[in-house]
Structures are given as C-alpha cells and as structure tokens.
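Q: Here is a sequence with its predicted model. Questions after.
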Amino acid sequence: MDKQEIKNVILEMGARARAAAHALTILSADKKNEILRAMAASMREQEGSILEANAQDITAGEANGLNTAMLDRLRLNHDRIEAIATGIEEVAALADPVGEVLTEWTRPNDIRFEQIRVPIGVIGIIYESRPNVTSDAAVLCLKSGNATILRGGSEAIHSNKAIAAALQSGGEKAGLPANAIQLIPFTDRESVSVMASMDQWLDVIIPRGGKGLIETVVSLARMPVIKHYDGICHTYIDKHAQMGMAVDIADDAKTHKPGVCNALETLLVHRDVAADFLPQIAVVYKSKGVEMRGDESVLKILGSDALAATQEDWDTEYLDLIISIKVVDSMAEAVDHINTHSSRHSDCIVTSDGDRAQLFMTQVDSACVFHNVSTRFSDGGEFGFGAEIGISTDKLHARGPMALRELTSYQYRIRGDGQIRSKNATT
C-alpha cells in the first residue's frame with residue numbers, strides 16, 4: 001500500500017472516530033461501565049486467539065533479535081490477560097469524571113454559570129512494545145467519553161489487533177458505538193506522520209515510548225501533544241534524614257525496576273551525612289550490581305567502589321543498574337541541581353524536618369515531588385487512579401500520572417431568563 005492509500009485509510013478512521021465521539025457523549029456512566037465489563041468478559045473469552053496472535057509476535061521478535069527484556073514486555077500469558085481483564089473491571093468501578101461540576105456561580109444579573117468536566121473528543125495514542133497498552137488506553141478513553149485511534153509498534157502488531165478486536169466486539173454487544181476504538185493496521189512511519197497532521201479529527205495526541213518517537217511526534221504534530229521525554233529522577237538525602245529510611249528509599253527507587261521512567265537516576269547527598277550514608281548504600285548497590293558514578297567527594301568516600309562521573313552523567317536517563325551520585329553542601333544546592341538537570345518527572349527529598357521538606361517541594365519544579373517516598377510510586381495505579389495512559393511533564397492541561405480526569409476538558413454552561421447584553425451591560 002502506497003503513502004496516499006495509507007493516508008486515505010487513516011483519514012477515514014479519523015472521520016469515523018469523530019462520529020463515534022459524538023455518540024459517546026450520550027452514554028451514561030452506568031452504560032459505560034456495562035460496556036467495560038463486557039470488554040473484560042470478551043478479553044477472557046478470546047484469550048485463545050489473543051495468545052495465538054501474541055505467539056506470532058514473539059516468534060518474529062526472536063527472529064529479529066529482540067532482547068530478553070523486550071520479549072518479556074511483549075509476551076502475554078493467561079495471568080497477564082487475566083490482569084488486563086481485571087484492570088478493565090477496576091476502571092469500571094472508578095467514579096466517572098464526565099459531568100462533574102467543577103465550579104458554579106451566579107452573576108448580579110441572575111445569569112447562572114457552571115464549569116463542567118467534559119470529554120476531550122478524539123484522542124490519538126502512539127505507543128511501543130507493550131500490548132497491554134492497547135487495552136489501558138482504549139479503556140481509559142472510553143470511561144472518560146473519548147473515542148481513540150491507536151497506533152502500536154510493529155513488534156506487537158498481531159497482539160494489538162487481537163486485543164483491539166476483542167475490546168470493540170465485546171463492547172459493541174453492550175452498546176459501544178462503532179469505531180469508538182480503532183487500531184491503525186500499519187506499522188510504517190508514514191502512519192505516524194498522518195496521525196500527527198490530522199488535526200481536523202484528532203483533538204490531542206499522546207506518544208508513549210522512547211525519546212526518538214516523542215521527538216518525532218512533537219516535531220510533526222498540528223494538535224496538542226501530551227508527553228514526557230525522559231525520566232531523570234532525583235532523590236536528595238538531607239542532613240536530617242533517618243539513615244535506615246534513606247537507604248531503603250534509595251535502594252527501592254534505583255533497583256526495584258531500573259528500566260522504567262520513575263526509577264532513580266541521580267542521588268544527591270548532603271555533605272553532613274555523606275560519610276555515614278554513602279558506605280551503607282554502596283553495600284546495597286554493590287550486592288545488586290549497580291554501577292556507581294560519583295563526583296570527587298563521592299570518590300574520596302567510596303574509593304574504587306565508584307567510577308568518576310562526567311558532566312554528561314547528570315543529564316542521563318540510564319534505565320539500567322547505573323546511578324550518578326553527588327555530594328552537595330546545602331539543600332539549596334540540591335534544588336538548583338535538580339531544577340537544572342531534572343526532566344521534571346519525579347524527585348524526592350528524604351528528611352525528618354517537615355519545614356525543609358515543604359521548602360524543597362515548593363521549590364522543585366517537577367510534576368511529582370515526594371517526601372520520604374520512593375519515586376517508584378509515580379504511577380497512576382499507585383495514586384489510586386486505577387490505571388494511567390502515561391505520565392506528563394507538561395505544565396498545561398495535564399501533569400504527572402494521566403488517568404480519567406486528565407483525559408477530560410471542561411465546558412462553560414450558562415443559563416438565564418432572557419437576559420440580553422444591550423440592556424444589561426456597562427460596555
């Protein structure tokens with residue numbers, strides 16, 4: 001299929017999605033929940049066909065040399081499909097944000113104003129690797145009243161098609177509008193370009209994947225983009241930190257799952273506690289195979305256990321068992337380092353001083369700022385959102401873990417009794 005044919009197909013999908021978005025606006029919360037439960041049932045009923053499709057992707061991935069971690073992200077089994085189905089039911093149990101009255105007031109002329117939460121409309125989502133994202137994205141968009149167009153990665157194309165088909169077919173039995181969930185069947189780059197250009201159909205686009213993908217979408221998009229580029233997350237060990245807690249948090253944030261965006265990449269330690277804390281965390285990191293890269297002060301304390309950090313290390317998202325460590329003379333220096341080098345994703349202070357924690361959290365310009373909590377909790381599920389569609393480091397509209405509320409906008413509804421401006425205004 002040539003570029004023009006691909007473009008025509010995707011544009012037609014956009015038009016159908018817009019019609020579906022209008023149909024979704026009349027569905028009640030109870031109806032959407034009924035549809036979601038039907039989707040969960042369909043996932044379980046179609047487990048066999050989904051696993052067959054996934055086996056094709058696994059075979060292709062092995063032939064193409066995907067590494068063990070990538071294959072694990074791609075692989076589905078009974079437990080993972082059950083987890084997807086259970087996740088859909090959990091979203092059904094969440095409160096529906098659509099229709100929420102954010103604020104209301106009445107003017108002296110008796111005109112009544114309401115600010116109401118409403119769906120965004122049509123959301124395009126481009127993602128890589130994980131087939132479960134097909135379900136997460138579609139389900140969150142449906143619950144928040146949005147139609148969605150999905151474009152997954154080539155490595156999961158068969159799995160994504162099977163999951164999307166199960167969701168749409170199961171949902172339609174319960175009243176899901178046709179074309180509310182559509183998956184682009186193409187995996188070439190042209191489909192990304194077309195999606196990014198069709199602002200007449202897409203209200204927002206969300207890239208979920210590596211930095212290269214996100215930069216491509218941002219450079220091409222003619223509609224708003226919600227994204228985060230990197231997860232360069234910091235933990236600052238304050239001079240008033242409780243050492244046992246500090247070691248536990250620094251360990252968990254780095255080693256629990258190092259290949260994710262909320263993992264710790266740079267550890268900042270106040271000079272007053274560096275000689276006590278660094279040897280303790282070094283023992284833990286060495287036992288787990290973490291490579292430590294430190295500044296001169298760190299090297300003096302840890303010696304050959306650490307390598308010399310370069311300037312590039314402070315701006316690197318390792319996504320691996322590697323960490324950069326810096327000793328700072330004050331909390332102000334820690335804050336300055338974070339605001340200079342952080343990707344504004346998730347940053348933490350460990351301290352027993354509540355006033356210092358409050359100052360840190362006020363001054364650090366990140367989407368999520370933690371006090372005595374591992375950055376690994378920067379996750380929609382851990383926030384109690386049920387699921388997330390991604391984490392945003394933008395400042396407009398959505399910031400941090402994005403779930404149901406972040407997939408809505410708002411509308412002003414104004415009611416009166418015949419008031420007209422010419423008889424009731426000063427201008």
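A: That came through, no problem. Residues are numbered from 1 along each chain as shown.
Q: For Gly14, which non-adjacent residue is closest in space?
A: Beyond its immediate neighbours in the sequence, the residue positioned closest to Gly14 (CB to CB, 6 or more residues apart in numbering) is Trp201, lying 2.9 Å away. (C-beta placed from N, C-alpha, C; glycine too.)
Q: Correct me if wrong, but Ile391 is in a helix.
A: No - going by DSSP: H, G, I helix; E, B strand; the rest coil, the assignment for Ile391 is strand, not a helix.
Q: In contact with it, which residues?
A: Contacts were defined as CB atoms under 8 Å, 6 or more residues apart in numbering; by that measure Ile391 touches His228, Gly231, Cys261, Asn262, His345, Ala367, Ser378, Asp379, Gly380, Gly400, Pro401, Met402.
Q: Then Ile84?
A: With contacts defined as CB under 8 Å, 6+ apart, the neighbours of Ile84 are Met43, Asn132, Ser135, Ile163.
Q: swap the cut-off to 6 Å and go again
A: The neighbourhood of Ile84, defined by CB atoms under 6 Å, 6 or more residues apart in numbering, consists of Met43, Asn132, Ser135.
Q: what do you get for Val350?
A: Residues near Val350 by CB under 6 Å, 6+ apart: Ile237, Ala241, Ala246, Ile249, Asn372.
Q: Assess the claim that Ile325 and Leu267 are in contact.
A: Yes - with contacts counted by CB atoms under 6 Å, Ile325 reaches Leu267, the gap being 4.7 Å.
Q: rewinding a little: next step: the contacts of Ile391 restricted to strands.
A: Judged by DSSP state E, the contacts of Ile391 include Gly400, Pro401, Met402 as members of strands.
Q: Count the neighbours of the closest residue to Leu264 other than its chain neighbours for me.
A: Distances taken as CB to CB, 6+ apart place Ala253 nearest to Leu264, at 3.5 Å, with adjacent residues excluded. Number of residues near Ala253 (other CB atoms under 10 Å) recorded here: 29.
Q: Give me the distance between Ala253 and Val260.
A: 11 Å (CB to CB, to the nearest Å).
Q: In contact with Ala21: list those residues for me.
A: Gly121, Val122, Ala147.
Q: Quick check, the last one in contact with Ala19.
A: No - Ala147 sits out of contact with Ala19 when judged by CB under 6 Å, with a separation of 8.3 Å.
Q: and the two? which has more neighbours close in?
A: Set side by side, Ala147 and Ala19 give different neighbour counts by other CB under 10 Å, the larger being at Ala147 (31 against 15).
Q: Show me what that one is bridged to.
A: Partner residues in beta bridges with Ala147, using DSSP bridges, are Val122.
Q: so who does it touch?
A: Ala17, Ala20, Ala21, Val122, Ala180.
Q: show me where the stretch 151-300 of the chain has helices.
A: Secondary structure of the stretch 151-300 of the chain (DSSP state H, counting those that start in this stretch): helices at 157-173, 189-197, 211-220, 243-255, 271-287, 296-302.
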